[in-house]
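# sequence? don't have it. structure:
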């Protein structure tokens, strides 16, 4: 690749080759009508990831390798440092994109004179079936709303921003793990205008290996750090973090991971400290073993704006069901013992 690409896609990964190969890689390399380079930051993988990446010959793909894990924020920053594109896009290794994602978002940003852009997102089951979709927040409300809650659905896999803007903002805060994206979005909204693409362009796969379900770290400590970091901006605008909503999100994650007692404690803390009237019944339901999936979905549907009449499942999701099936089949074949 000799000319400067339109977009550098940064994908951090660690020990999740099957997800990377069936989700993020085909999503990034399958983008239409846009010149991309894809930087995969292998953050200390000990599985087959390094060898598999070395076998790929697509000239648009580059790999940055960390011999030992440095954390996802540092991995993303390593990708930012080596990016050659005018724009940066971030993609988690377990998420998927519409093939038109980058093209649609760049067009929306250029039309609005914006320096970063986001779109609609869908929640997707492990079998790549559609669960629900969420609309992008109005850009005119984004800077204020982000001080209360993270409304850029799809996390890092949604936003596209000018590379220079992200570098000037300092990239991802390496003190943060689960809330590093929220922190960066707050800083970007303070520095430059945003645009929204109305289409559903991101699919976030809900699975047992997600960060919220596998991490035992107390994300509430990160919330306190984030609140203090943006305290002056919050005081100037009169907008504070919606702690009750945040606790419900954290507790629901623990509930899905089977940590019912921990989920109940967080729900109860919300009832007491945040004066959340729904906290007590949710704590009781967690202890009694209410199905987490129904609880999470009902919470999301009440607290977040549904996408509306988008016709249900985005048709492009079918592409990834086929890819996942082929990858699973190839992995199963490779791992099966040969006949004597």
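Structure received. Fair warning: this is a prediction, and the values are worked out from it, not measured in the lab.
# look up the closest residue to residue 230, ignoring the ones flanking it.
Distance criterion Cβ to Cβ, 6 or more residues apart in numbering; nearest residue to residue 230, sequence neighbours excluded, is residue 186 at 5.7 Å. Heads up, the C-betas are built off the backbone N, CA and C, glycines and all.
# burial check on that neighbour, number of neighbours?
21 (other Cβ atoms under 10 Å).
# ditto for the one 5 residues further on
Residues within reach of residue 191, counting by other Cβ under 10 Å, total 14.
# residues in contact with it?
115, 165, 168, 169 (Cβ atoms under 8 Å, 6 or more residues apart in numbering).
# mind putting those residues into a markdown table with distance to residue 321?
As requested, the contacts of residue 191 are exported to a markdown table (distance: Cβ to Cβ, whole Å):
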| residue | distance to residue 321 |
| --- | --- |
| 115 | 35 |
| 165 | 35 |
| 168 | 40 |
| 169 | 36 |
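# out of these, the closest to residue 149 would be?
residue 169 (20.3 Å; Cβ to Cβ).
# quick check: the closest one vs residue 138, distance?
Plainly put, residue 169 is 22 Å away from residue 138 if you go by Cβ to Cβ, to the nearest Å.
# higher neighbour count, these two?
Per other Cβ under 10 Å, whichever of residue 169 and residue 138 has more neighbours is residue 169, with 20 against 12.
# check contacts around the more buried one.
Contacts of residue 169 by Cβ under 8 Å, 6+ apart are 184, 187, 188, 191.
# number of nearby residues for residue 46?
10.
# so for it, what's the pLDDT?
The per-residue pLDDT reported for residue 46 equals 96.
# hmm, who's touching stretch 277-289?
So stretch 277-289 is contacted by 244, 247-248, 251, 255, 260-261, 263-265, 267-272, 295 (Cβ under 8 Å, 6+ apart).
# mind redoing it with 6 Å?
255, 260, 263, 264, 267, 268, 270, 271 (Cβ atoms under 6 Å, 6 or more residues apart in numbering).
# now do stretch 228-239
144, 147, 148, 186, 240.
# show the buried residues in these.
147, 148, 186 (16 or more other Cβ atoms under 10 Å).
# with these in mind, which one is nearest to residue 44?
For the buried ones among the contacts of stretch 228-239, the nearest to residue 44 is residue 186 (28.6 Å; Cβ to Cβ).
# just the element for that closest one, please.
Assigned by DSSP states H and E, residue 186 belongs to helix 180-191.
# quickly note the distance from residue 194 to residue 147.
On the measure of Cβ to Cβ, residue 194 and residue 147 end up 14 Å apart.
# now the helices for the stretch 151-300 of the chain?
Per DSSP state H, counting those that start in this stretch, the stretch 151-300 of the chain carries helices over the ranges 163-169, 180-191, 211-214, 219-229, 231-237, 243-256, 260-273, 279-288, 292-303.
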